[in-house]
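Asker: Sequence first, predicted coordinates after that:
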Amino acid sequence: MTAFFSAVLSPGAQVLSGISDITPRSPFNTPAYAAAMSAIDAEPCALMLKSDQNDVIGGCLAALTGSKWNRKLEIFTGPTLISPAIFWSGVTDFCKRHSVCDLEVQTFASESPSLPNLENRLSTRKRIEYVLDLSNTRFFDSFSKNHKRSIKKAQNAPLIFSQGNSIDDYQAHIQLMESSISRRSDRGERVIRPRVNDFDYMLVKNGAAQLFQARSDDQILASILILLSKTSGYYHSAGTSQVGMQLGASPFLIGEVAKTLAASGRNWLNLGGADPNAEGLRRFKKGFGAQENELTADVYSMISPLERKLRTVARSIKNSPGYFLGAARLQKEQAG
């Protein structure tokens, strides 16, 4: 079988469905995820490996962002490929045609990714994802004793499980994330604050994600944003209040999400990644009986060191106050 590379900017639903059909466990390759990207002015791009019958046999969704001086191509789910050399050669040519500076290859929800073998690697990051098999109807049996104890406490409270997609539910989610991050920071943990922007709400609004929450009366104590694919859910972000922690809200909520996804016919709950050095987070996620999947994410420079320096200088000039004042004066002159 002869394979060839194909790339489509701003792909339609039919093209995106071709990719999501062969990567059913990745919520990062769905038409809904692409729609959320378009809503924040990131240009979706379908990168595909096709057969001589024009069938999609490998590929992923990517985002093309930035200006011509700092353009980036970001792949979310590193693809599984039968002909990686052909695919990555095609991606390299695509980057040249579109003046891409950096190629970022993430491995969110990747199964056995074929990463590029490129020379100019800027950074590499080892990560571990935790995947819970929901096809086993007795998956609760694999939960740790601590998690089972917490779930029992939450049930006795009693906490109420709910689903919500309103802007108020989303704002509560953001506040609970901030609460969790602050607690970890106060404990002396190294915390990377996630970027909170309109994109996460666009994921919910476009049906790429669902908010699941644990409540006590009218108060939301824990919240999880789950990205959805045909066969799985992906733990995107979460937060818990101090009261929620005391009542076991997080394990309770993950257990309820797992039951809900299984009832919808999905076979996997990906609990997301953890840094190899984040022992507490790793222990928490592994405590649900999740399988460990060791992965690597890389960033590559697609331009020469000299061109990178020139682009850095050009950006600094463009971002200087004098540049904008001069541009404003020019616009006034052209306007008469």
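Answerer: Looks like it arrived, so ask away. Residues are numbered from 1 along each chain as shown.
Asker: where do the strands sit along this structure?
Answerer: All strands of the chain, identified by DSSP state E, fall at 3-9, 43-51, 56-65, 71-75, 100-105, 121-133, 160-164, 209-216, 219-228, 232-240, 268-274, 291-301.
Asker: Most tightly packed of these?
Answerer: strand 219-228 (a mean of 25; mean count of other Cβ atoms under 10 Å). All C-beta spots, glycine's among them, are computed from the backbone N, C-alpha and C.
Asker: follow-up on the earlier one: so can I have TSV of the strands of the chain showing distance to residue 25 and mean pLDDT?
Answerer: Supplementary listing: those in TSV, determined by distance: least, Cβ to Cβ, whole Å; pLDDT from 0 to 100:
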stretch	distance to residue 25	mean pLDDT
strand 3-9	22	96
strand 43-51	18	96
strand 56-65	12	96
strand 71-75	16	96
strand 100-105	18	96
strand 121-133	9	94
strand 160-164	22	94
strand 209-216	15	96
strand 219-228	11	96
strand 232-240	5	95
strand 268-274	6	94
strand 291-301	11	94
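Asker: could I get those strands as a markdown table with distance to residue 181?
Answerer: Formatted as a markdown table, the entries for the strands of the chain read as follows, by distance: least, Cβ to Cβ, whole Å:
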| stretch | distance to residue 181 |
| --- | --- |
| strand 3-9 | 36 |
| strand 43-51 | 29 |
| strand 56-65 | 25 |
| strand 71-75 | 23 |
| strand 100-105 | 23 |
| strand 121-133 | 19 |
| strand 160-164 | 21 |
| strand 209-216 | 18 |
| strand 219-228 | 13 |
| strand 232-240 | 8 |
| strand 268-274 | 15 |
| strand 291-301 | 21 |
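Asker: thought residue 155 was touching residue 253?
Answerer: No: the pair residue 155 and residue 253 fails to qualify as a contact (Cβ atoms under 8 Å) at a distance of 11.7 Å.
Asker: So which of these two has more stuff around it?
Answerer: The neighbour comparison of residue 155 against residue 253 (other Cβ atoms under 10 Å) goes to residue 253, with 25 against 14.
Asker: Look up how far residue 203 lies from the more buried one.
Answerer: From residue 253 across to residue 203, the span is 18 Å (Cβ to Cβ, to the nearest Å).
Asker: rewinding a little: right, and the strands of the chain - which one's nearest residue 176?
Answerer: Closest to residue 176 of the strands of the chain, according to Cβ to Cβ: strand 232-240, at 3.0 Å.
Asker: out of the strands of the chain, nearest to residue 173?
Answerer: Set against residue 173 and scored by Cβ to Cβ, the strands of the chain come closest in strand 219-228, at 4.1 Å.
Asker: Strand partners (parallel or antiparallel) of the closest one?
Answerer: Sheet pairing here is set by DSSP bridges, and for strand 219-228 it gives strand 209-216 (antiparallel), strand 232-240 (antiparallel).
Asker: how deep is residue 14 tucked in, by neighbour count?
Answerer: Neighbours of residue 14 under the rule other Cβ under 10 Å: 8.
Asker: and it, what pLDDT?
Answerer: Residue 14 is assigned 92 on the pLDDT scale.
Asker: what about it, distance to residue 104?
Answerer: 27 Å.
Asker: What of residue 93?
Answerer: With distances taken as Cβ to Cβ, residue 93 is found 18 Å from residue 104.
Asker: Also residue 277?
Answerer: Using Cβ to Cβ, one gets 22 Å for the distance from residue 277 to residue 104.
Asker: Same question for residue 173.
Answerer: Taking Cβ to Cβ, one finds residue 173 at 26 Å from residue 104.
Asker: Could you do residue 70 as well?
Answerer: The separation that residue 70 has from residue 104, given Cβ to Cβ, amounts to 13 Å.
Asker: same deal with residue 122?
Answerer: Between residue 122 and residue 104 the distance, using Cβ to Cβ, works out to 9 Å.
Asker: can you list residues touching both of the two?
Answerer: Common neighbours of residue 122 and residue 104, counting by Cβ atoms under 8 Å, 6 or more residues apart in numbering, are 299, 300.
Asker: Quick check: closest non-adjacent residue to residue 124.
Answerer: Using Cβ to Cβ, 6 or more residues apart in numbering and skipping residues adjacent in sequence, the residue nearest residue 124 is residue 298, 4.9 Å away.
Asker: which residues does that neighbour bridge with?
Answerer: According to DSSP bridges, the residues that bridge with residue 298 are residue 105, residue 124.
Asker: check contacts around it.
Answerer: 104, 105, 115, 116, 121, 123, 124, 125 are the contacts of residue 298 under Cβ under 8 Å, 6+ apart.
Asker: One more pass at 7 Å, please.
Answerer: For residue 298, the residues meeting the contact criterion (Cβ atoms under 7 Å, 6 or more residues apart in numbering) are 105, 115, 121, 124.
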